[in-house]
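>>> need coordinates for the following:
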Amino acid sequence: MTRLAAWVRPARLAVPALVAVAALAADTDVEGRRIVEVLGLGDGMVAADVGAGGGRFTGVLARSVGSAGRVYATEVEQDKLDDVKARMAADGIDNVATLLGDQSQTGLPAGCCDRILLRLVYHHFADPRAMQESLWAALRPGGQIAVIDLPPKKSWPRVSVAPDRGGHGIEAADLVSEMRAAGFELVAQHEDWPAEDDSYCIVFRRPAGS
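Numbers count the residues shown, from 1 in each chain. Predicted structure coming up:
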């Protein structure tokens, strides 16, 4: 093998990985634009990414609210918050604060948010009622929450900490029923969501004056 061939072969092997990264970025762009649209995000707003994971969509929120706005990223594990911090630093984003929550509360300050994002998080709640109360307290009257989730998948591993809803996920009708019972108003329901198979997005509002 020549020295040139030795350099070329690894580059060929790297192409699938580069394609996968590009596809992920494109998917994030499409879904990110939809999130911004359905939540009506704009300059100066305060938003939260509850269950932010590695911060894949935290940056989308942060850029949408601009330098005058603020974003809270919450998680139940500190190492994930460390990943969010590293990602924001690498992307030059400085309007994100990270907060540690737990299985019964978000960790968000009272009355802090105009908008909240829950992406593939709700069905993991071990105590949905307690988390609804925490979300309500964090959301300002008239503020909105976008819940992105998917119907239960029986073929996926069960979520041991969450109520048994027949699989990994939650039916849209059950989500609407639970959120309405907690006092939230239904704003819009989007079935054609550009994410995991059969995923949907439902937007709720804390009533003005509540």
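>>> residue 104 contacts residue 132, correct?
No: applying CB atoms under 8 Å, one finds residue 104 not in contact with residue 132, separated by 10.7 Å. Where C-beta positions appear, they are placed from N, C-alpha and C, glycine not excepted.
>>> what pairs with the longest strand along the chain, and is each one parallel or antiparallel?
Counting by DSSP state E, the longest strand found in the chain is strand 139-149. Strand 139-149 has the following sheet partners, assigned by DSSP bridges: strand 113-119 (parallel), strand 200-205 (antiparallel).
>>> may I have that strand as CSV, with CA atoms only?
What follows is strand 139-149, C-alpha atoms only, in CSV (Å, rounded to 0.1, in the frame of the first residue of the first chain):
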residue,chain,number,x,y,z
LEU,A,139,-45.2,29.4,33.2
ARG,A,140,-46.5,32.9,33.3
PRO,A,141,-50.2,33.4,32.8
GLY,A,142,-50.9,33.2,29.0
GLY,A,143,-47.7,31.3,28.4
GLN,A,144,-47.5,28.2,26.3
ILE,A,145,-46.1,24.7,26.4
ALA,A,146,-45.3,22.6,23.4
VAL,A,147,-45.3,18.8,24.2
ILE,A,148,-43.8,16.6,21.5
ASP,A,149,-44.4,12.9,22.1
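>>> quick one: contacts of it?
By CB atoms under 8 Å, 6 or more residues apart in numbering, the residues outside strand 139-149 that reach it are 35, 38-40, 111-123, 135, 169-170, 172, 175, 179, 184, 187, 193, 195, 199-210.
>>> please pick the buried ones from those residues.
Applying 16 or more other CB atoms under 10 Å to those, the neighbour count classes 35, 38-39, 112-123, 135, 169-170, 172, 175, 179, 184, 193, 195, 199-206 as buried.
>>> on that earlier part again, looking at residue 104 and residue 132, which one has more neighbours?
Neighbours per residue, other CB atoms under 10 Å: of residue 104 and residue 132, the larger number sits with residue 132, 20 against 13.
>>> so that one sits in a helix?
Yes: counting by DSSP: H, G, I helix; E, B strand; the rest coil, residue 132 is located in a helix.
>>> picking up where we left off before, adding distance to residue 59 and mean pLDDT, write the strands paired with strand 139-149 out as JSON lines.
Output for those, formatted as JSON lines (distance: least, CB to CB, whole Å; pLDDT from 0 to 100):
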{"stretch": "strand 113-119", "distance to residue 59": "12", "mean pLDDT": "98"}
{"stretch": "strand 200-205", "distance to residue 59": "19", "mean pLDDT": "98"}
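>>> for the residue positioned nearest the centre of the chain, what are its contacts?
Among the residues of the chain, the one closest to the centroid is residue 119, at 3.3 Å (CA atoms, centre = their mean). Applying CB under 8 Å, 6+ apart, one finds that residue 119 lies in contact with 35, 49, 51, 57, 148, 195.
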